[in-house]
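**Q** Mind looking at a prediction? Sequence and model below.
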Amino acid sequence: MTHVPRARASFALSPQERRGVYRAIYGRRDVRAQFLSDPVPDRVLARLLRAAHHAPSVGFMQPWNFIVIRDRAARAAVREAFVRERDRAAQLYEEPRRSQFLELKLEGILEAPLNLCVTCDPERGGPHVLGRSAVRETDIYSTACAVQNLWLAARAEGVGVGWVSIVQPAELRAILGIPEPVLPLAYLCLGYVSEFKDTPDLARAGWRQRLPLGDLVFGDRWGAPDLRVRATLERAER
Ligand SMILES: Cc1cc2nc3c(=O)[nH]c(=O)nc-3n(C[C@H](O)[C@H](O)[C@H](O)COP(=O)(O)O)c2cc1C
């Protein structure tokens, strides 16, 4: 029998729990097209928000707020802002990419029963937050961690989440009454879904494929492949 160090034996999750964590990670999708109109119960939403609130944050500043948007008029206004920005973004592509871009389903603002705006207050915790001296944007990174916690918890609950970033922040600010200097960091659509696809929509649409992980891992210096990791990845299933 192989020797299992005590620390590993005592702190690791059970194999079944671990499978659950990885299932949520690999089975999480950005959902746009598969939303059902069934309401998300308040207690489920509360669990998702609590998961987000337990994210790591620089200096424990917890820079986030969560605006739960049920109002249809507000959502319709966000959807109009999305259409304006999508049409502007389309001009950045040449044909045939432009038409392909315009055919993609890139939001579920009105189909999802709930929308959620996650904001980031760069001033929370005062002018000298522990850990922000060299990298000021760590407040934004922290808020992104909260979004990811919510996204994974939602997958565990069977709730789909779609991130809509194709909206001008100034428009979101105006619609939702977000004051300066608070940033509207993530605009999310949430709801139960008809299915979670196995692969990202953009991969299935032929827009872009997942990169080989082995090519992205370097050893000791930028650009030097880590052959041990690469060989292990090639042997492992995932
Ligand atoms: C910061 C961020 C912004 C995103 N914005 C959009 C968006 O505006 N519209 C969209 O359809 N998907 C958006 N996505 C989803 C990505 O396209 C998606 O995560 C990626 O294609 C991988 O698919 P998966 O999340 O299903 O694995 C965004 C994702 C992130 C992390």
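**A** Looks like it came in fine. Computed from a prediction, not measured in an experiment: that's the story for all the values here.
**Q** The residue most central in space within the chain: helix or strand, and which one exactly?
**A** The C-alpha lying nearest the average C-alpha coordinate of the chain belongs to residue 148 (C-alpha atoms, centre = their mean; 4.7 Å). In this structure, residue 148 sits in helix 138-157 according to DSSP states H and E.
**Q** Enumerate the positions of that helix that are buried.
**A** Buried residues in helix 138-157, counted by 16 or more other C-beta atoms under 10 Å: 138-140, 142-157. Placement of C-beta: from N, CA and C, glycine included.
**Q** longest single strand anywhere in this structure?
**A** Looking across the chain with DSSP state E, the single longest strand is strand 183-192.
**Q** Okay, and residue 49 sits in which element?
**A** Here residue 49 sits within helix 42-53, counting by DSSP H and E.
**Q** now residue 118
**A** Residue 118 belongs to strand 114-120, assigned by DSSP H and E.
**Q** tell me the angle that strand makes with strand 183-192.
**A** Using axes from the mean of the first three to the mean of the last three C-alpha atoms, to 10 degrees, the inter-axis angle of strand 114-120 relative to strand 183-192 is 150 degrees.
**Q** For strand 114-120, buried residues please.
**A** Within strand 114-120, the residues scored as buried using 16+ other C-beta under 10 Å are 114, 115, 116, 117, 118, 119, 120.
**Q** Quick one: neighbours of residue 121, just the number.
**A** Applying other C-beta atoms under 10 Å, we find 19 residues neighbouring residue 121.
**Q** Quick check, it in contact with residue 66.
**A** No: in this structure residue 121 lies outside contact range of residue 66 using C-beta atoms under 8 Å: 12.0 Å.
**Q** Now residue 139: closest residue in space, sequence neighbours ignored.
**A** Leaving aside its chain neighbours, residue 139 sits nearest to residue 63 (4.5 Å; criterion: C-beta to C-beta, 6 or more residues apart in numbering).
**Q** next one: phi and psi at the one you found?
**A** The phi and psi values for residue 63, taken as degrees, to the nearest 10, are phi -80, psi 0.
**Q** hmm, back to that, name the residues of whichever helix or strand comes after the helix holding residue 49 that are buried.
**A** Moving toward the C-terminus from helix 42-53, the next helix or strand (DSSP H and E) is strand 64-69. For strand 64-69, the neighbour count (16+ other C-beta under 10 Å) marks 64, 65, 66, 67, 69 as buried.
**Q** Following strand 64-69 in sequence, what is the next regular element?
**A** Heading C-terminal from strand 64-69, the first helix or strand you meet, by DSSP H and E, is helix 72-90.
**Q** who does the following helix or strand past that next one touch, helix- and strand-wise?
**A** As assigned by DSSP H and E, the chain's next helix or strand after helix 72-90 is helix 97-103. With contacts taken as 3 or more C-beta pairs under 8 Å, 6 or more residues apart in numbering; DSSP states H and E, helix 97-103 sits against helix 72-90.
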